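>>> Got a sequence here, can you model it:
(chains A and B)
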Amino acid sequence: MEKFTKLTGIAAPMPLVNIDTDMIIPKVFLKTIKRSGLGVNLFDEMRYDRQGNEIEDFVLNKPAYRDAQILVAGDNFGCGSSREHAPWALLDFGIRCVISTSFADIFYNNCFKNGILPIVLPQEDVDKLMDDAERGANATVTVDLENQTITGPDGGEIAFEVDPWRKHCLLNGLDDIGLTLEKGASIDAYEAKMAQDRPWV
Amino acid sequence: MSGKTLYDKIWDTHVAHEAEDGTCLLYIDRHLVHEVTSPQAFEGLRMAGRPVRRPDQTIAVPDHNVPTTLGRENPDQMTEDSRIQVAALDKNAKDFGIHYYPVTDVRQGIVHIVGPEQGWTLPGMTVVCGDSHTATHGAFGALAHGIGTSEVEHVLATQTLIQKKSKNMKVEITGKLRPGVTAKDITLSVIGATGTAGGTGYVIEYCGEAIRDLSMEGRMTVCNMAIEGGARAGLIAPDEKTFAYVQGRPHAPKGAQYEAALAWWKTLYSDDDAHWDKVITIKGEDIAPVVTWGTSPEDVLPITDVVPAPESFSGGKVEAARRSIEYMGLTPGQKLSDIEIDTVFIGSCTNGRIEDLRAAAEILKGKKIKVKRAMVVPGSGLVRAQAEEEGLADIFKEAGFEWRMAGCSMCLAMNPDQLSEGERCASTSNRNFEGRQGYKGRTHLVSPAMAAAAAITGHLTDVREMI
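A predicted model of the protein is given here:
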């Protein structure tokens, strides 16, 4: 997993609430057996017409946001299906950070497994960043994970919370499975006890 | 010190390791696997040279992609990419030695219907699957939730998940339901009341007389859509109905082990003095047969109501409602029962069980459909066989329904069962998102009885007029 330390990039505004994972990556693209290559189909049905032509007024098609690395989104981003293809598609497009007032649980977890930082902020802070994002390419935002701050184009700083363990893993690009396998003795002990207490499992 | 909730009890039983900051390794008793969210996980194991830690607790079945037409064993019925994905699951199941129900097996079906049917899902267990509707298994008093593919790989390799505990939320449905009101109406009405983010950060326990009165099938319908309310999982405490359902299933414990399990299962309830972080109470008698009008499962109203005006909402929902109503091709103020329907879909992990088919057949008996097309996709091969034995299949076919093989089908339209642009469907599935059932397709979520009623009249219909 790629480390996440400090990111300075263009933020794209997506104020719509309840953006679901079917919108982020429609099911026709779930038939892949790979993790890569989904960026071109990110938000496919909002981004292209049926003939595959770009829909001009979709935010990521506008010249100012084609290289966006941050999304500022409406409430409950990533709801619906558990498909990890959603963060894979975001990452493949180049999005490394999503900011919203809330995220759906599974999507939120999936982001951290892929080096994407989801940030939850109060409504007023999201509104402020949404306004900044509306300014387009002239408005870059800096997300500093180490110091847990977001710096807007006008220099204003917003602090954010993040789980310390998840922060540690993102900062160092750590692979969960390797870390868990180091605790193999605890799992062995649990299974031995389970064989006694709940042998029917 | 206050007592424990059911969730607290299951959680405590499954913590294999706890770090100082409260991050836990939660042991997983059952890992269900399907073809869409697992190939990258197995590939990850191969690349790292890791085995599946507990193949005996890992169960796979293809369901999302598979065609539901007769003769589907013929690979020509699948698109190339679907075929590759199903073939990958065939190979991964064989290579890693996990339990497997291939498409040719009569027990094949939707993973969340097969698990309980085969007795894999038992009270007090932890159950995960790379699928958000894993919440279904909570009907047995199991802690069950969806995970992403990285977590699928983590569970395959370690049989644990890295978790922090969620908060406890109680949803109580008091009293009795009125005639024509079903489990689907309960679960949609709860989402209508709390919103799709209302359960975020919580595990929900459903309780109250109306929940107790539900069959196991109905309870699975309620828990299935906990995720649509944003909750990590939905639970219902096990009782005699649960034990009776489980006993004798192929993978349920037998003899002395059953007795030992039963003794423990009977301790699985929330203590009277347990702490709840959030409580929602709804009167059973206040719940009506409902339909969705928009493109979020929270867009729920009683069938007797009208399409709302976007301005009646606040905040970001105003724009979302405007977008939904335009997408759905509706007009504010239009009566919901005037909405004409092209297609009816009965099936899915929400409503693809035998009781669902019985409820729909009851309404359809001796009637003909007025919609352009209607299909029943049983949740498993065994549900299909039982429905044929009970004569339900004949009722559906005589009414004009297509009688299909088991799978996820038009719930998410990854196989050829899809809506065309603008096609409007009354569907017993769980999501009405834009494009969910096909590009620009329009979905109204309803109960099986309401779907049957719409099939007969050709428009959304109050099923209470037919009973």
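>>> Low-confidence regions, the stretch 1-150 of chain B specifically.
Flagging of the stretch 1-150 of chain B using pLDDT under 70 yields the residue ranges B:1.
>>> Chain A contacts on that one?
Residues of the stretch 1-150 of chain B lying close to chain A by Cβ under 8 Å from any Cβ of the partner chain are B:13, B:16-17, B:19, B:21, B:23, B:25, B:27, B:29, B:36-37, B:39-40, B:43-44, B:48, B:50, B:53, B:57, B:64-65, B:79, B:81-82, B:84-85, B:88, B:122, B:124-125, B:130-132, B:145-150. Heads up, the C-betas are built off the backbone N, CA and C, glycines and all.
>>> Narrow those residues to those that are buried.
Buried subset of the residues of the stretch 1-150 of chain B next to chain A (neighbour count, 16 or more other Cβ atoms under 10 Å in any protein chain shown): B:13, B:16-17, B:23, B:25, B:27, B:29, B:36-37, B:39-40, B:43-44, B:50, B:53, B:57, B:64-65, B:79, B:81-82, B:84-85, B:88, B:122, B:124-125, B:130-132, B:145-150.
>>> SS state for the closest residue to A:Gly39 other than its chain neighbours?
The shortest distance from A:Gly39 to any non-neighbouring residue, by Cβ to Cβ, 6 or more residues apart in numbering or on different chains, is to A:Asp92 (3.2 Å). Three-state assignment for A:Asp92 (DSSP: H, G, I helix; E, B strand; the rest coil): helix.
>>> what do you get for B:Thr221?
Using three-state DSSP, the structure places B:Thr221 in helix.
>>> where do the strands sit along chain A?
Remark: strands assigned in chain A by DSSP state E are A:6-14, A:70-73, A:97-100, A:117-120, A:140-144, A:149-151, A:157-159.
>>> Save the ones you listed as JSON lines, and put in distance to B:Lys170 too.
Listed next are those as JSON lines, based on distance: least, Cβ to Cβ, whole Å:
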{"stretch": "strand A:6-14", "distance to B:Lys170": "34"}
{"stretch": "strand A:70-73", "distance to B:Lys170": "30"}
{"stretch": "strand A:97-100", "distance to B:Lys170": "27"}
{"stretch": "strand A:117-120", "distance to B:Lys170": "24"}
{"stretch": "strand A:140-144", "distance to B:Lys170": "37"}
{"stretch": "strand A:149-151", "distance to B:Lys170": "36"}
{"stretch": "strand A:157-159", "distance to B:Lys170": "34"}
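>>> Going by length in residues, pull out the top helix of the chain.
Just going to use chain A. Counting residues, the longest helix in chain A under DSSP state H turns out to be helix A:184-197.
>>> nope, chain B please
Longest helix in chain B, counting by DSSP H: helix B:80-96.
>>> what packs against that helix?
Applying 3 or more Cβ pairs under 8 Å, 6 or more residues apart in numbering or on different chains; DSSP states H and E, one finds that helix B:80-96 makes contact with helix B:39-48, strand B:58-60, strand B:99-100.
>>> Find me the pLDDT at the closest residue to A:Asp67 other than its chain neighbours, would you?
Spatial nearest neighbour of A:Asp67, chain neighbours left out: A:Ile10 (6.0 Å); criterion: Cβ to Cβ, 6+ apart. Note for A:Ile10: predicted pLDDT of 96.
>>> Verify the stated contact: A:Ile10 with A:Ala139.
Yes - contact criterion Cβ atoms under 8 Å: A:Ile10 and A:Ala139 qualify, at 7.3 Å.
>>> residues contacting A:Asn76?
Residues in contact with A:Asn76 (Cβ atoms under 8 Å, 6 or more residues apart in numbering or on different chains) are A:17-19, A:100, A:102-104, B:196-197, B:200, B:230.
>>> now with 10 Å?
If you count contacts by Cβ atoms under 10 Å, 6 or more residues apart in numbering or on different chains, A:Asn76 has them with A:17-20, A:100-104, A:107, B:195-198, B:200, B:230, B:296, B:298, B:316, B:320.
>>> of the residues you listed, buried ones?
Applying 16+ other Cβ under 10 Å to these flags A:17-20, A:100-104, A:107, B:195-198, B:200, B:230, B:296, B:298, B:316, B:320 as buried.
>>> Please identify the deepest-packed of the strands of chain A.
Neighbour counts (mean count of other Cβ atoms under 10 Å in any protein chain shown) averaged over each of those peak at strand A:70-73, with a mean of 26.
>>> tell me what that strand is packed against?
Strand A:70-73 makes packing contacts with strand A:6-14, strand A:97-100, strand A:117-120, helix A:123-134, strand A:140-144 when contacts are defined by 3 or more Cβ pairs under 10 Å, 6 or more residues apart in numbering or on different chains; DSSP states H and E.
>>> that older thread, can you give me the buried ones in the longest helix of chain B?
Residues of helix B:80-96 classed as buried by neighbour count (16+ other Cβ under 10 Å): B:81-82, B:84-90, B:92-93, B:96.
>>> can you list the weak-confidence ranges in chain A?
Within chain A, the ranges that satisfy pLDDT under 70 run A:137.
>>> 90 instead, please
Within chain A, the ranges that satisfy pLDDT under 90 run A:1-2, A:135-139, A:153-155, A:175.
>>> for B:Leu32, helix, strand, or coil?
Following three-state DSSP, the label given to B:Leu32 is strand.
>>> Do I have it right that it meets B:Gly109?
No - contact criterion Cβ atoms under 10 Å: B:Leu32 and B:Gly109 do not qualify, at 11.9 Å.
>>> hmm, back to that, who wins for proximity to B:Thr267 among the strands of chain A?
strand A:117-120 (36.5 Å; Cβ to Cβ).
>>> and that closest one, what other elements does it pack with?
If you count contacts as 3+ Cβ pairs under 10 Å, 6+ apart, strand A:117-120 packs onto strand A:70-73, strand A:97-100, helix A:105-112, helix A:123-134, helix A:164-172.
>>> can I get these in a markdown table with distance to B:Ser409?
Converted to a markdown table, these look like this (distance: least, Cβ to Cβ, whole Å):
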| stretch | distance to B:Ser409 |
| --- | --- |
| strand A:70-73 | 31 |
| strand A:97-100 | 32 |
| helix A:105-112 | 23 |
| helix A:123-134 | 38 |
| helix A:164-172 | 37 |
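>>> To B:Thr182, which of those lies closest?
Nearest of the helices and strands packed on strand A:117-120 to B:Thr182, taken as Cβ to Cβ: helix A:105-112 at 26.9 Å.
>>> and that closest one, anywhere near chain B?
Yes - Helix A:105-112 is in contact with chain B by Cβ under 10 Å from any Cβ of the partner chain, via A:105-112.
>>> residue ranges with poor pLDDT in the stretch 301-450 of chain B?
Residues of the stretch 301-450 of chain B meeting the criterion pLDDT under 90: none.
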